[in-house]
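Chemist: Quick check, what structure comes out for this input:
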Amino acid sequence: MATKASFREPFRRRRCLILVDAFYEWPRRGTRREKEPYVIRRADEAPLVLAGLWDVWRRREEVIMTCAIITTEANALVRTIPHDRMPVILEPPEFDAWLDPSTPLDQVQAMLAPAPDGVLTMWRVSTRVNTGAHDDPPRWESLEMGSAD
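Modeler: Numbering: from 1, shown residues only. Here you go, the predicted structure:
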């Protein structure tokens, strides 16, 4: 990010925090075409704070505000489903330094690590989360606990 043209300036000056309850991963199992969704959240059920970048693009008179979630290699838990990437999760002591454009880039780069073991929990959920056509709260019941797809 520090060198790619589209991310270089936001990485240096426009870092943000993105607050979420959880995130999903949809790994494939073996040769199956369908993906199986998993919800991943903090084990203590607190919100996740993800490392993000924001930017403003101008196209003629149109102003487009964008943001991106930064990913890193998967931690041991996420690799079990299997998946190779996950969002960068920041902890409260890192928030101010992440947001401060004067923080040295080597210190910022050091924050781009997988979540430590024990911070997250995950379980397989209904494929109902795979489509935006369902306008209801997330279905986080574990399929291993007997809820229906």
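Chemist: quick one, what contacts Trp98?
Modeler: If you count contacts by CB atoms under 8 Å, 6 or more residues apart in numbering, Trp98 has them with 15, 17, 51, 90, 108, 111. Bear in mind the C-beta positions are built from the backbone N, C-alpha and C, glycine included.
Chemist: Could you name the specific helix or strand carrying it?
Modeler: helix 92-99 (DSSP states H and E).
Chemist: Would you mind identifying the next helix or strand past that helix?
Modeler: Next element after helix 92-99 (DSSP H and E): helix 105-110.
Chemist: what's in contact with stretch 64-76?
Modeler: 1, 7, 10, 16, 18, 50-58, 83-88, 112-117, 120.
Chemist: Alpha carbons of it, in PDB - could you do that?
Modeler: Presented in PDB, the C-alpha positions along stretch 64-76 are these (Å, rounded to 0.1, in the frame of the first residue of the first chain):
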ATOM      1  CA  ILE A  64     -17.100  10.000  -5.000                       C
ATOM      2  CA  MET A  65     -16.200   9.200  -1.400                       C
ATOM      3  CA  THR A  66     -14.600   5.800  -1.000                       C
ATOM      4  CA  CYS A  67     -13.200   3.600   1.700                       C
ATOM      5  CA  ALA A  68     -11.300   0.300   1.700                       C
ATOM      6  CA  ILE A  69     -10.700  -2.300   4.400                       C
ATOM      7  CA  ILE A  70      -7.100  -3.300   4.700                       C
ATOM      8  CA  THR A  71      -6.400  -7.100   4.700                       C
ATOM      9  CA  THR A  72      -3.500  -9.100   5.900                       C
ATOM     10  CA  GLU A  73      -2.600 -12.800   6.000                       C
ATOM     11  CA  ALA A  74      -5.100 -15.000   7.900                       C
ATOM     12  CA  ASN A  75      -4.400 -16.000  11.500                       C
ATOM     13  CA  ALA A  76      -4.500 -19.600  12.600                       C
END
